[in-house]
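>>> 3D model of this:
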Amino acid sequence: MSHDGEYADLQEVRLQGSVLGSGLDPSLSKAQVSVVLPVRDGASTIEAAVQSVLSQQDCVFELVVVDDGSFDDTLPRLESLARNDARLIVVKQSRDGLVEALNRGLAVASAPLVARMDADDLMLPGRLSIQLAAMAKNPDWAVVGSHVHLEPPTPGMQRYVDWLNGLMSPQDLSREIYIDSPLCHPSVMFRKERVLSLGGYRDVGWAEDHDLWFRLHLAGEVMGVVPQTLHQWHDLPSRLTRTHPRYSFESMMCMKAHYLSKAFGSSMRIWGAGRDGKRMARALEGEGVEISAFVDIDPAKIGGVRRGSVPVIGPDDLNPPQPGDPIMIVMVGVIGARDDIRQTLRTLNYVEARDFICAA
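Model prediction:
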């Protein structure tokens, strides 16, 4: 579904200036990539973010900034920057929200490739040209991410970034997609046509970026990664990830359950009879999935029941998988424990993504 007609009446501010950055062939004028950057009340960081994009070299790009009804002086700052660089396109909207801003940005973007950027982050030198080269080398990739540097390195987010930066290949991203978002949204570049064919961004009650990765994944699209640090990600208290219910643990659990049910059917087993396992069971039941068993290593839990009548069994009770067996959803995310469970299941000839999925 294309959004071009829906957003044909955008209020677009385009101010004249130089078209190409230093080091570019002046005969090139058609953008290879459109950078889409939504912002609301980002006056304190927007100039640094924009300059980090405009400083990119060795490629031709445009920067589409969608101002989501800022009350501060974000818009005047953007208009001042745009007077000196025609690559900067400023789009204004009422306070319609992030998802609407992203889709408006896609509608304005003229290039076949779109790179994401956030208003409080920094694009590190070389990112656009490196990701362009990766997409040219891998025409089957629908999206490519990168590794990121977190600033400041807060403990909870640093654990996520360490995990993220350990993903090195499309196979890694596909295997880990149910654990957490395997791509840092503002670090990605994607093929616009493939994203629009799936309906663009959606506001469905959970994270709009991870929702898009799931839809690409289930559509059979390949997601890749450049295993280089190309983005500086700022973990500020005001980030939507920290403040909006769309990004809460419960919302993420509902999203995982939704896509697990779409991918693996209506009967599942859960490894982990603790809090997270029970939360996942509740979310899966909300999607019409029957939980046939819990697996746990705690002797105090083995032999009992959960969720009314669902038995709790131990690893020793498992047999090698047979055709038609319910898939196993591993809901143990303790450092080291996930790999131990993987090894246990592999010893029983379980194949990841066929017989079991790690989702915590």
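
>>> Break down this protein into its helices, ranges please.
46-54, 74-82, 98-108, 127-137, 155-164, 170-176, 192-197, 208-218, 240-243, 249-264, 275-286, 337-347 (DSSP state H).

>>> which outside residues touch the second one?
Surrounding helix 74-82, the residues in contact under the criterion CB atoms under 8 Å, 6 or more residues apart in numbering are 13-15, 17, 39-43, 46-47, 50-51, 54, 65, 67, 88-90, 92, 119. All C-beta atoms are positioned from the backbone trio N, CA, C, and that covers glycine.

>>> Going by length in residues, pull out the top strand of this protein.
strand 222-234 (DSSP state E).

>>> What pairs with that strand, parallel or antiparallel?
Sheet pairing of strand 222-234 (DSSP bridges) gives strand 122-123 (antiparallel), strand 141-151 (parallel).

>>> Report pLDDT for the residue of the chain most remote from its centre.
The centre of the chain is farthest from one residue, residue 303, which by CA atoms, centre = their mean lies 38.9 Å away. Listed pLDDT for residue 303 reads 97.

>>> now swap in the one 3 residues further on and tell me
At residue 306 the predicted local distance difference test score is 95.

>>> quick one: buried residues of the longest strand of the chain?
By neighbour count with 16 or more other CB atoms under 10 Å, strand 222-234 contains the buried residues 222-226, 230-234.

>>> Among those residues, find me the one that's closest to residue 167.
Of all these, residue 167 sits closest to residue 225, with 5.9 Å by CB to CB.

>>> For the nearest residue to that closest one once chain neighbours are set aside, which residues are in contact?
Distances taken as CB to CB, 6 or more residues apart in numbering place residue 145 nearest to residue 225, at 4.8 Å, with adjacent residues excluded. Residues near residue 145 by CB under 8 Å, 6+ apart: 173, 182-184, 187-188, 223-226.

>>> now residue 145: how far from residue 336?
25 Å (CB to CB, to the nearest Å).

>>> One more: residue 180?
Using CB to CB, residue 180 is found at 17 Å from residue 336.

>>> So for the two, which sits in the more crowded spot?
Between residue 180 and residue 336, residue 180 has the larger neighbour count (other CB atoms under 10 Å), namely 16 against 7.

>>> pLDDT score assigned to the more buried one?
97.

>>> That one reaches residue 162, doesn't it?
No - judged on CB atoms under 8 Å, residue 180 makes no contact with residue 162 at a distance of 11.6 Å.

>>> which intervals of the chain have sub-threshold pLDDT?
1-29, 238-240, 242 (pLDDT under 70).

>>> Can you check the distance spanned by stretch 193-204, start to finish?
Using CA to CA, to the nearest Å, the end-to-end distance of stretch 193-204 comes to 21 Å.

>>> Disregarding flanking residues, what is the spatial nearest neighbour of residue 185?
Among residues not flanking residue 185 along the chain, residue 209 sits closest, at 3.9 Å (CB to CB, 6+ apart).

>>> so who does that neighbour touch?
When contacts are counted by CB under 8 Å, 6+ apart, residue 209 is found next to 181, 183, 185.

>>> How is the chain divided into domains?
Domains of the chain are assigned by automatic domain parsing as 11-247, 249-358.

>>> hmm, who's touching stretch 148-168?
Under CB under 8 Å, 6+ apart, the answer for stretch 148-168 is 124, 147, 172-173, 176, 179-180, 182-184, 187, 225, 227, 229-235.
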